[in-house]
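> I'd like to go over a predicted model; first the sequence, then the structure.
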Amino acid sequence: MSIVENFDLYAPRLIDKKEYFSPGHRACQGCGEALALRLACKALGGDTIVSCATGCMEIVSSLFPTTAWELPFIHVAFENAAAVASGVEAGLKVMRRKGRVADRDIKSVAVAGDGGTADIGLQALSGAAERGHDMIHICLDNEAYMNTGIQRSSQTPFGAWSTTSPPGKVSFGQRTWKKNVPEIMAAHNIPYVATACPSYPLDLIRKVDKARSIKGPSYIHIFSACPTGWRMESDLAIKIGRLAVETGIFPLYEVKNGKYGITVDVPDPLRPVEDYLKLQGRFRHLGSPEIKVIQERVNLEYGKLIDKVNNLKSWDEN
Amino acid sequence: MAKRVGMEVAIAAAEAVGMCNIDVAAVYPITPQSHIAEHLSEIVADGRIDAEYITVESEHSAMSVCIGASATGARAYTATCSQGLMLMHELLPIVSAMRLPIVMSVANRPVNAPLNILSDHSDIMPQRDSGWIVIFSENGQEVIDLTLQAYRIAEDKDVMLPVIICIDGFILTHMVEPVEFPEQKEVNKFLPDRVPYATLHPDKPLTMGAFAMSDYFPQMMKAKDEALVNSKKTILKVWDEWEKQFGRRYRPVETYKAKGAEVLLLIMGSMGETAEPAIDELRDKGVAAGLIKIRLWRPFPFDELRKAVKGVRVLAVMDRAVSFGDSGGPVFADVKSVLYSEDNRPLTVNYIMGLGGRDVSVEDFVNMAEGAVKAKKEGYEFYGVGD
């Protein structure tokens, strides 16, 4: 935590100065995704090819004839970033073998939002993970279809307002709980799964770096605040990410070869979820009964995660 | 001299793909494409070619993998049909707009509903406007030749477009036919390694698949149209070279006894071989009948077709798909647009036939030709279906 508190002091020495996702893109003020992507690219370095799903990061970065990308970048469609990235990996692999491209370790990285990962993109992601390509899938999760105008996704949290989960006379907003994609990916028995948040930049960078170094598929789910869609002040993206972690709503952990580990400590007991919910307009219609339900669910899920941390062993261990 | 062998056409297609020294194949199984997929996987598994064979979880991902691989400069291949092709549909205009020279075999099969695994052209017709080069094959030898030619055409720097080779499902894919393969060294001479125009590589970072608004989008569409139109020059050039090197001649529109004909049948795909004896029979009966076969479906061979139908009284277009809503068949609609500007255009009638694998015999072709001769007005009918 001290590094995060003294970030200004440490950052220049710990973070690559080179920009791969460069300034001038068209993301909203205070966009958590743009920050997450910028940091992730710094960790990935120049020998990277990005396959990006349709979504916020795609449209803000690649308006013809401009581009914010200093990395080779391809966008094809909404649901197939992971499949395209697996094709990039396969193409490079065979051409490297045949001596048609330089013998160099270039990482194929898929980038998609929560819709492009958890909903329409889940099949392509599952297929790519199952096939074992040497690639990373990064999910930039801002918990709704922000690019099309804040429609709910399977990542929109319980109770949240969105333009297709509006609270009304007979509704309190989103009726479903966030689908747990990191767990789905861990169930694929891939070598590395992690959650991250740009509010903890060094943790995020370390995880991307780790995924970069692993041969085989890895998955990083990045919680990325969206001030526009979450109906909050644009200077709150970092703070809200910290609160999501400190309340246990979005714990930062990693699963390496099946072994779970918490990577950023949280207060004990966890901060109340209300601290997180009250800063965002998308939750402002919630009353104490709904908040109580959310608190209970967060406690339950956090407990399940800690059980895994305490009990599950790496498949490398005997 | 190449040796003649008896071989199932799907197997021959896979052998031809192997001879193209592909880098990446991404294939999802679907009947009747599956023998191509299976045999290609055997070729890779036996180490006969050095390629990545990606067993994807859907046709959508098959094409997505091909896109990713092709964008790195690899030679990518897939095969599908019917529902699989419909699932890929979203990606087809993207491939052509990104100018990626992917080659795909389509084992033409109907689209649901009702489910039907046999043969017609209702899967390829919805892909008509996707910007791909689409070529129809009539027999096993053509499948081999057209497959070997496909990458040469697709990867040419004046083309850089994807190519579909249509192979009628079952009736062609599963037929054992006498075929001959050229020597591998001859193929290597004809088809060198791909020299990509632009690739995804960190040495020269590029943005592919950018987002464009109304300021650039229309120019891009015009450029794509010009690319497809211009591809015909290269297609003809490649076919000329093929003829010089291998002796077999390919033209955008093939004709059979069309000279001096009063009635012409127009067909695409494997049924051309059934229509030929029907023409012979009609000629024996004293009917001046002839046959036109469209090989190059896209870019559409307007000039060749105009020339082929000149002076004909009746043109009977055979469609194996329906453009629902009183348009008749899709080939009929395109052929009519070719003829619109002609002064003495033939009376053009349309038979929709062979749907869902319904057999069309020599007698059926004779019947249709005789019906066409008596036709008084333009229009379409479902042949052999009843009222």
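Thanks, I have the structure now. Numbering: from 1, shown residues only, chains lettered A, B, ... in the order given.
> Point out where the stretch 1-150 of chain A drops to low pLDDT.
Residue ranges of the stretch 1-150 of chain A with pLDDT under 70: A:1-5, A:7.
> do the same with chain B
Using pLDDT under 70, chain B drops low at B:1.
> give the contact list for the residue nearest to residue B:257 when sequence neighbours are not counted.
Nearest residue to residue B:257, sequence neighbours excluded (CB to CB, 6 or more residues apart in numbering or on different chains): residue B:290, at 4.5 Å. (Glycine included, C-beta is placed from N, CA and C.) Contacts for residue B:290 (CB atoms under 8 Å, 6 or more residues apart in numbering or on different chains) come out as B:255-261, B:263-265, B:279, B:312.
> beta partners of the residue nearest in space to the middle of chain A?
Central residue of chain A (CA atoms, centre = their mean): residue A:222, 1.9 Å from the mean position. Taking DSSP bridges as the rule, residue A:222 bridges to residue A:140, residue A:196.
> Now do it, the pLDDT please.
pLDDT, the model's per-residue confidence, is 98 for residue A:222.
> Stretch B:203-213 close to chain A?
Yes: applying CB under 8 Å from any CB of the partner chain, one finds stretch B:203-213 touching chain A at B:203-213.
> Tell me where the chain has helices.
Looking at chain A here, since you left the chain open. For chain A, applying DSSP state H gives helices covering A:2-5, A:7-14, A:32-44, A:56-61, A:81-97, A:114, A:122-131, A:181-186, A:201-213, A:227-230, A:237-246, A:273-277, A:288-311.
> looking at chain B here, not the other one
So, for chain B - with DSSP H - the helices run B:9-19, B:34-45, B:59-71, B:82-88, B:92-97, B:140-155, B:184-190, B:217-246, B:272-284, B:302-309, B:330-339, B:362-374.
> Restricting to C-alpha, output the first one in CSV.
What follows is the C-alpha trace of helix B:9-19 in CSV, where atoms were taken according to Å, rounded to 0.1, in the frame of the first residue of the first chain:
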residue,chain,number,x,y,z
VAL,B,9,-13.9,-34.8,-54.7
ALA,B,10,-13.9,-33.6,-51.0
ILE,B,11,-10.7,-35.5,-50.5
ALA,B,12,-9.3,-34.1,-53.7
ALA,B,13,-10.2,-30.6,-52.5
ALA,B,14,-8.3,-31.1,-49.3
GLU,B,15,-5.3,-32.5,-51.2
ALA,B,16,-5.3,-29.4,-53.4
VAL,B,17,-5.4,-27.2,-50.3
GLY,B,18,-2.4,-29.1,-49.0
MET,B,19,-0.6,-28.5,-52.3
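> from the middle of its chain, how far away would that helix be?
Distance, stretch centre to chain centre, for helix B:9-19: 16 Å (CA atoms, centre = their mean, to the nearest Å).
> Counting by contacts, list what it packs against.
helix B:34-45, strand B:103-106, helix B:140-155, strand B:176-180 (3 or more CB pairs under 8 Å, 6 or more residues apart in numbering or on different chains; DSSP states H and E).
> What helices and strands are in contact with the last one?
Read it as strand B:176-180. strand B:4-8, helix B:9-19, helix B:140-155.
> got the angle between it and helix B:140-155?
Relative orientation of strand B:176-180 with respect to helix B:140-155: 60 degrees, computed using axes from the mean of the first three to the mean of the last three CA atoms, to 10 degrees.
> Given strand B:176-180, what are its sheet partners and their directions?
strand B:4-8 (antiparallel).
> who are the neighbours in contact with residue 93?
Going with chain A. A:134, B:52.
> try chain B instead
B:129-131.
> List buried residues within these.
B:130-131 (16 or more other CB atoms under 10 Å in any protein chain shown).
> Quick check: the residue nearest to the centre of chain A touching residue A:136?
No: in this structure residue A:222 lies outside contact range of residue A:136 using CB atoms under 8 Å: 11.4 Å.
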